[in-house]
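Provided below are the primary sequence and the corresponding predicted coordinates.
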Amino acid sequence: MESILLDVDYTYEDEKNIMVLHLKEGKKRVIKAMEYMPYFLVGDISKEELENAIDLLGREVPELKIEGKVERFFGDKKKELWKVVVDTPQNVPKVKHVLKHMIEGRASFYEFDIPFKKRFLMDHKLDPLGKVKYNEKNNITSIQGAGEGEVELIAGAFDIEVYNPEGIPREERDPIIIITYKDNEKEYFISTKGKGKNVVNVKDEKELLEKFDSIIKESNPDVLLGYNSSQFDFPYIEGRVKKLHVDMELIERRRKIRKGLVNGYKLRNNIHLDLYPAVRLLTTMGAINVQRLTLKDVYKAMFGEEKLMVDRAEMWKLWDEDDDELLDYALGDARATYRIGEEVLPLEMEIARTSKTTLFDASLSTAGQLVESRLMYYAALEKHIIPPKPKENEVKQRLENPIEGAFVKLPEPGIYDNIAVLDFRGLYPSIIISYNIDPYTLTDGEGYESPSGYKFRKDYRGLVPRVLEELLVTRAAIKKEIKKEKDKEKLKRLKARSQALKILANSFYGYLGYARSRWYSRECAESVTAWGRAHIKSAIDKAKEDGFDVLYADTDSLFLLMGKKSKEDVLKFLNKINESLPEKMELELENFYTRAVFVSKKSKTEKRGAKKKYAMLAEDGSIKIRGFELVRRDWSEIAREIQKKVLESILKDGRKEKAIAIVRDAIKRIKEGKESLDKFAISTQLNKKIENYEAIGPEVVAAKRLRDSGMPVGKGTLIRYVITKEGKSISDKAYPLSMAKNYDPDYYIKNQILPAVMKILKELSVDEEELLTGTKQQGLKGFF
DNA sequence: GCCGTAGGACTACCA
DNA sequence: ACTGGTAGTCCTACGGCG
C-alpha cells in the first residue's frame, strides 16, 4: 500500500521505542507503528576497550551494546566508527557522557545529539509529505523523492470567542461563547445564541465544547488551522474543559512542544498548524511585510482588503445585545484564518518537504533549523558525519567574535533623475557555489583564494555548496515549469515550491555564520562576505570606467546615474560584466527609475548622506521607499503619513511649494486637534521583561502603566503609546493608547513631523523657518 | 542643584 | 535563536558652573 507520510511520533511502550507514522492513504488517515533503536557513534578506539567500558556501564543501562561498524566521511576522508545502541533516546547523551569520562582522551564521539525522530527519518530515507510503502510487518520498504508526490491535505480553520466584558479573558471565570469552524465544505457557528443556516445551537458551554469536538471528529481535517491557537485558543479550551469536566477527544493526549523559543501545541489525530509562527517566519524572510502580526493586519497585507471581523474587546457587547451580525462577525475570523491558510499551507508543505522536516515541526522552525535539517538529511544519506551542536561556551565565543559583513557605499544626498538599479542575483548563494565554500573544503593547499585569505579546494566538492546548488538547480527547473503551467492548483503548488527553495537557499550564508550552527565556520562566512564586497566594489569600478556615476550601492545592488547614457548602454555594461563573472554569478537589471531622493544623516556637525534610506519613482509610476521613517512602525502614523505625502509630492511633482503646503496644513490640523488619537500612537516591541530594562524609555513607562491596569505585558508585547500633555520628560508623558486622554501637539510637531519632513525638504533648500513662518527671518521660538 | 552633552541602550530597518 | 551594517530616539551619567 502506498501512502503519504504526514507526521512521526515517538513513544515508549512495553519497554520498546516505538515510532508512530501518521500516513494518508487515499482520503483516509492511518497509523503504523514500528520499533526503532537510538544510537550514537564512537571512533579512535579498539573494540575491546570500548566493550570493557560498555560492560561496566551495561549493568545500569539495559540493551546497551556495540551493534557493529559503520563508515562515515569527514570531508573526503573515510573513518570507521562503532555504532553503540542505547535503550532510550534520553540515554544517548547520558551514556555518551559517562563513557567519555571512562575512556577520556582515547576515543571520539559522534552524532550523540541528533533528535530521535530526525534520526529515524534519515535512516529510513523518509521524506515528510513524500510517498512511502510498507509491508505486513509495518516495515517501510521503499520510498520516492518528495518532489514526486502530489499531496492534497484537507484543512479546517477554527476560532473561539470568549465573553470578556472586563478586558483580558480569564479561564477560571469567562466562558467560551462561540466556536466557529470552516473547512472546504462547511461552516459552523456553534453557540447558545444565534439562528440561521450554519448555526449549531447548544444549551450551554459544556455542550458547546462537546459539539465542537464531534464536528472536528466528523469533518476530520488533516490540518487544523488556527491563528495564535497554540498560545490562546487551545490553552483556553483546555482550561475550560478542566473546569467544566468535559471529555474532549480533540485535545486528549495533546503535547505541548517547545521548539527553540516557539511554543507548539501538538494534537494526536490532526496536524495542528498555528498560522501565527508560520506567518512570522515569512515576515523574517521578507515574504510579506506587516506592521503588526495580528490576524487583521496579516489578512489585509495578504489580500489587500479589510476582513469582516469584530474587535475582540467588543464581542461581549454584541453578545449582550443579541446582535444579528454576531454570526457573520464571528465567522469572519474562521474565514480569514482559512483563507490565510489557503496561501500559507501550500508554502508550509513545501518548506517541510524541502527541509525534510515534518509539517508540524516545519511550522515551528526557524530558518536556521530548516537549513540544518536539510543538511543533516543529505549528510546522513551520503554517510557524511553530522557535526555536533556547539556547547554554550563555544556559542558565546562565536557571538563575541562577529565577522565583517557587507559593503555599503556612502550616497551623496540630493534629488536625482534617471537611475538604473542593478543587482547580483542571489549573491551569497552564488558565491558559496562558485567558490566551493564549505568547512571541509577549507585548505592550506591549492584552491580558490578568498579576499580574506582563506582557500577552498577545487578537487573535492563540499556538502554545503552541493546541497545549496541542488536547491538552486531545482528552483530554476520549477521556474521553467511555472511559465508553462496553466492549471491553477498546480501553479500554486509550483510557486510555493519555488518560494520554499528560495527561503532555504537564502538562509545558507546566515547558517554558516550562525553561532549555534552545526556547520558554523568563521572562515567560510567571512569568505562569503569578503567575496561579496570584492564583487560589488569591482562592479562599481567597472561602471565608473564605463562612464557611469555610481550613486549608491548596498551589499549586492548598485545604483547608476544614467546621465546622457541610454538603457542600451546599461544593458551593454551588464553583458560585459557578466562575461567576467563566474558562471553561477550574474548581475541583473532590477529596474529603471525616473527620479530618486537621497537625504542627509541627521547630524549636528557633518553633513553626510544617509545609507539605507531612499525613495524612488519607477517608470511605471510605482514608488519604492526604503528606510524612511514612514516604513518604520516605531513612528506615529501621523508623521509617517505626512512624510509619505511629502516624498510622493517631490517624486511626482518636484516643486517645494506643494510639499510645504502639505506640511503646513498637517501642522494646523494637529494643533487644532482635528486628527484622531490613534494616529499619534507609536508602536514599540518589548524585547525583554519590563524589569530587565536599564534605560527606562517611553515604551517601558507606557508598558508599566499598561501592566498596572491589569493587562498582560512582557517580552514580545507590542506597546502602542501616545505622548500626552501629562508629565515632564517624554517618558513621563507616555501613556498606552488605550489609556491616553490627549496628545501633546508640541511634541508631535517638534519630534515627529519636523524631523521626518525636514530631512527631505532640506534637499530642496527649505529650512525650518521658511516652512513654519513663510519667511527666513524669524526663529523657531516665535512659532511656539 | 542645574545645564548641556557624549555615550549607551534600544528598536527597527536594509540587504 | 540565519548574518552584519545602519539611522535614529531617548535616557543616563558626568563634568562644568557657581
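Nice, I can see it.

what's the first helix or strand after the longest helix along chain A?
Criterion DSSP state H: the longest helix present in chain A is helix A:326-355. Once helix A:326-355 ends, the next helix or strand along the chain (criterion: DSSP states H and E) is helix A:359-363.

identify the residues contacting that next one?
Here helix A:359-363 makes contact (CB atoms under 8 Å, 6 or more residues apart in numbering) with A:6-7, A:117, A:128-129, A:223, A:259, A:264, A:266, A:271-274, A:277-278, A:348-349, A:351-352, A:355, A:370. Using the backbone N, CA and C atoms, a C-beta is placed for each residue, glycine as well.

stretch A:576-586 too?
Residues contacting stretch A:576-586 (CB under 8 Å, 6+ apart): A:424-425, A:427, A:430-431, A:433-435, A:469, A:472, A:535, A:539, A:542, A:546, A:587.

buried subset of the residues you listed?
Among the contacts of stretch A:576-586, those scoring as buried are A:424, A:427, A:430-431, A:433-435, A:469, A:472, A:535, A:539, A:542, A:587 (criterion: 16 or more other CB atoms under 10 Å).

right, and the pair among those residues with maximum separation?
Using CB to CB, those reach their maximum pairwise distance at A:469 and A:542, which is 26.5 Å.

how many neighbours does the spatially closest residue to residue A:87 that is not a sequence neighbour have?
Excluding the flanking residues, the one nearest residue A:87 by CB to CB, 6 or more residues apart in numbering is residue A:63, at 4.3 Å. Residue A:63 is flanked by 14 other residues according to other CB atoms under 10 Å.

surely residue A:63 touches residue A:86?
Yes: assessed by CB atoms under 8 Å, residue A:63 is found in contact with residue A:86 at 7.2 Å.

now do the shared contacts for these two.
With CB under 8 Å, 6+ apart as the test, residue A:63 and residue A:86 both reach residue A:37.

okay, and the helix or strand of chain A with the least pLDDT?
helix A:780-783 (a mean of 44; mean pLDDT, DSSP states H and E).

about what we covered before: and the residue nearest to residue A:87, its phi and psi?
As for residue A:63, its main-chain torsions (degrees, to the nearest 10) stand at phi 70, psi 0.

how close does it sit to residue A:113?
Noted for residue A:63: a distance of 20 Å to residue A:113, by CB to CB, to the nearest Å.

so which of the buried ones among the contacts of stretch A:576-586 are in helices?
A:427, A:430-431, A:433-434, A:469, A:472, A:535, A:539, A:542.

how about these in CSV, adding pLDDT and distance to residue A:390?
Conversion of these to CSV gives the following (pLDDT from 0 to 100; distance: CB to CB, whole Å):
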residue, pLDDT, distance to residue A:390
A:427, 97, 27
A:430, 97, 28
A:431, 97, 24
A:433, 97, 25
A:434, 97, 28
A:469, 97, 26
A:472, 96, 28
A:535, 97, 30
A:539, 97, 36
A:542, 96, 40
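
now the longest helix of chain A: average pLDDT?
Averaging pLDDT along helix A:326-355 yields 92.

for stretch A:655-673, same thing?
91.

list the buried residues for it?
A:656, A:659-660, A:662-663, A:666-667, A:670.

run through the residues that contact the residue most central in space within chain A.
In chain A, the C-alpha nearest the mean C-alpha coordinate belongs to residue A:281, at 1.7 Å (CA atoms, centre = their mean). Under the criterion of CB under 8 Å, 6+ apart, the neighbours of residue A:281 are A:365-367.

against DNA strand C, how distant is it?
Distance of residue A:281 to DNA strand C, computed by CB to the nearest atom of the strand, to the nearest Å: 8 Å.

where does that residue fall, phi/psi-wise?
Dihedral angles for residue A:281 - degrees, to the nearest 10 - are phi -60, psi -40.

hmm, back to that, the buried residues of stretch A:655-673 also near DNA strand B: which ones?
Subset of the buried residues of stretch A:655-673 in contact with DNA strand B: empty, counting by CB under 7 Å from any atom of the strand.

pLDDT weak spots in chain A?
A:1, A:141-149, A:308, A:310, A:604-606, A:774-784 (pLDDT under 70).

quick check: residues of it near DNA strand B?
Residues of chain A lying near DNA strand B (CB under 7 Å from any atom of the strand): A:286, A:291, A:406, A:423, A:554-557, A:612, A:625-627, A:631-634, A:683-688, A:692-695, A:697, A:699, A:718.

what about the residue in chain A that DNA strand C sits nearest to, how many residues nearby?
Relative to DNA strand C, the nearest point of chain A is residue A:510 (1.8 Å; CB to the nearest atom of the strand). Using other CB under 10 Å, residue A:510 is surrounded by 15 other residues.

let me see the ranges of the strands in the stretch 451-600 of chain A.
Assigned by DSSP state E, counting those that start in this stretch, the stretch 451-600 of chain A shows strands spanning A:455-456, A:549-554, A:557-561, A:587-600.

right, so those strands: which one is the most enclosed?
Mean neighbours per residue, mean count of other CB atoms under 10 Å, is largest over those for strand A:557-561, with a mean of 23.

that older thread, quick one, what contacts the residue of chain A closest to DNA strand C?
By CB under 8 Å, 6+ apart, the contact set of residue A:510 is A:367-368.

can you pull out the helices in the stretch 401-550 of chain A?
Secondary structure of the stretch 401-550 of chain A (DSSP state H, counting those that start in this stretch): helices located at A:427-434, A:463-484, A:488-505, A:508-512, A:522-545.

and the stretch 601-750 of chain A, by the same measure?
A:637-652, A:656-671, A:698-708, A:745-747.

since that was my last question, I'll sign off now.
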